[in-house]
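Enquirer: heads up, no residue letters with this:
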């Protein structure tokens, strides 16, 4: 069974960069045709897709967040990391990592989520 665990600071100051890491166990982020996503849920709102990493290392981002979002990976640690620059209080949310996703049938798992608050 795949397990995902988010880690990172729970409080970030406005204009700074948010950095969260997702550690995956029970599966590999390099498995062919699989992708892995970052998703968030602001308070009182629905889920919002942030971006995703595919097995080859390519990344794709939500158009609304593309200019200040980056996803990278460390295959030796089976981790992928979200960085979001120039954060504002509107970036306050519970952040989740999830995967694997695939065009083929695959069971997808979610991390428990981590609360990130943007405040001075």
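Expert: The structure has been received and is ready for your questions. All figures in this text were calculated on a predicted structure; none of them were measured in a lab.

Enquirer: how far away is the spatially most central residue of the chain from residue 87?
Expert: Against the mean C-alpha coordinate of the chain, by CA atoms, centre = their mean, the closest residue is residue 38 at 2.6 Å. Distance of residue 38 to residue 87, computed by CB to CB, to the nearest Å: 14 Å. (Each C-beta comes from the backbone N, C-alpha and C, glycine too.)

Enquirer: what's next to stretch 26-44, contact-wise?
Expert: 1-3, 20, 22, 24, 47-55, 71, 73, 75, 78-80, 82, 90, 92-104, 106, 113 (CB atoms under 8 Å, 6 or more residues apart in numbering).

Enquirer: gap between the residue of the chain positioned farthest from its centre and residue 82?
Expert: Distance from the centre of the chain peaks at residue 120, with 23.2 Å (CA atoms, centre = their mean). Per CB to CB, residue 120 is found 22 Å from residue 82.

Enquirer: now for residue 58, how many residues are close by?
Expert: 10 (other CB atoms under 10 Å).

Enquirer: what is the burial count for residue 70?
Expert: Close neighbours of residue 70, defined as other CB under 10 Å, add up to 15.

Enquirer: give the bridge partners for it, please.
Expert: Counting by DSSP bridges, residue 70 forms beta bridges with residue 83.
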